[in-house]
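K.L.:
just the structure for this:
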Amino acid sequence: MMNLELTRVQISSFREKGFLRLERITSDVDIAALRVSYDRIFADRAGSDDGFHFDLSGADREEGTEARLPQILMPAKYAPEMNDSELLANSTRIARQLLGDEARCSIAHAILKPAFNGAETPWHQDAAYWNPNTLARSISIWVPLQDATLENGCMHFVPGSHELDVLPHRSIGGNTSVHGLELAGSALQNVRSPVACPVPAGGCTIHGGYMLHYAGANRTEQPRRALILGAEIDGLPRSEPRSFPWQDAWKTEAGEKRANAIQ
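P.N.:
Alright, predicted model coming up:
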């Protein structure tokens, strides 16, 4: 039996440090079923045609070439059975304890680090990808579908960094055709005393949109699979408009596909 009621100590720690690690959030049976769906949609390259499947660490690749950090946005769009998982129900219950009863939760994206060659996910803030004119009130629940270790790319966090506003970012390596973002220039000075969070399959880490975080490369002989659930309540409008230059500079093929699909 899983205890899905967070303690006062856990909630207080999350508020103070900006992240939380839970040993168990769903069952082994649920994880096994999710892995089947997960592996199928990556094998099928689901979402490639509409820009929802791409290499987060590199420019768009031709068919048949290997991505080092493939990602699928909204994976339940291609595997709707994921919406019936214990994971989503349990994540929603936990999210409402942290954000309030009105919190909405969904399976936001899936990230795969291939065996031996899975790239690191550089230091960044999730809010750097989002609407710059909204103060986000959200959390990400990061769930490994196998044990997440230092060797295969577990999460790392900078305690207290959730109190920061969005720092300067750029496309990885300064290449605007790359989808992923990384801290830019002097912003890296904010990475102080990071904490690694290995977590077993079916456990999770939880962090807010402004938290500085990183996941290492996968150097093991097995792929590292992770599902990320997003939970939110309505964001607040900022008093003065602003823009993020790294968003304005993006020139990715997948981004164009997504824009066309929305139209």
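K.L.:
now the stretch 51-200 of the chain, which segments are flagged as low pLDDT?
P.N.:
Applying pLDDT under 70 to the stretch 51-200 of the chain picks out residues 60-65.
K.L.:
and the nearest residue to residue 47 once chain neighbours are set aside, what does it touch?
P.N.:
Residue nearest to residue 47 in three dimensions, not counting chain neighbours: residue 53, with 3.6 Å by CB to CB, 6 or more residues apart in numbering. The C-beta positions use only the backbone N, C-alpha and C, and glycine is treated the same way. Residue 53 makes contact with 45, 46, 47, 70, 71, 72, 73, 254 under the criterion CB atoms under 8 Å, 6 or more residues apart in numbering.
K.L.:
could you do residue 249 as well?
P.N.:
Counting by CB under 8 Å, 6+ apart, residue 249 has contacts 171, 176.
K.L.:
and the buried ones among the contacts of residue 53, selectable in ChimeraX?
P.N.:
In ChimeraX syntax, the buried subset of the contacts of residue 53 is picked out as below (16 or more other CB atoms under 10 Å):
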select :46,47,70,71,72,73,254
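K.L.:
wait, which of the contacts of residue 53 is closest to residue 174?
P.N.:
residue 254 (18.6 Å; CB to CB).
K.L.:
so is the closest one in a helix, a strand, or just coil?
P.N.:
helix (DSSP: H, G, I helix; E, B strand; the rest coil).
K.L.:
doesn't residue 58 make contact with it?
P.N.:
No. In this structure, residue 254 is not within contact of residue 58 by CB atoms under 8 Å, at 11.3 Å.
K.L.:
from residue 22, how far out is the residue nearest to residue 47?
P.N.:
28 Å (CB to CB, to the nearest Å).
K.L.:
before we move on, what about residue 104?
P.N.:
Counting by CB to CB, the gap from residue 104 to residue 22 is 20 Å.
K.L.:
for the residue nearest to residue 47, give the beta-bridge partners.
P.N.:
Here residue 53 sits in beta bridges with residue 72, as judged by DSSP bridges.
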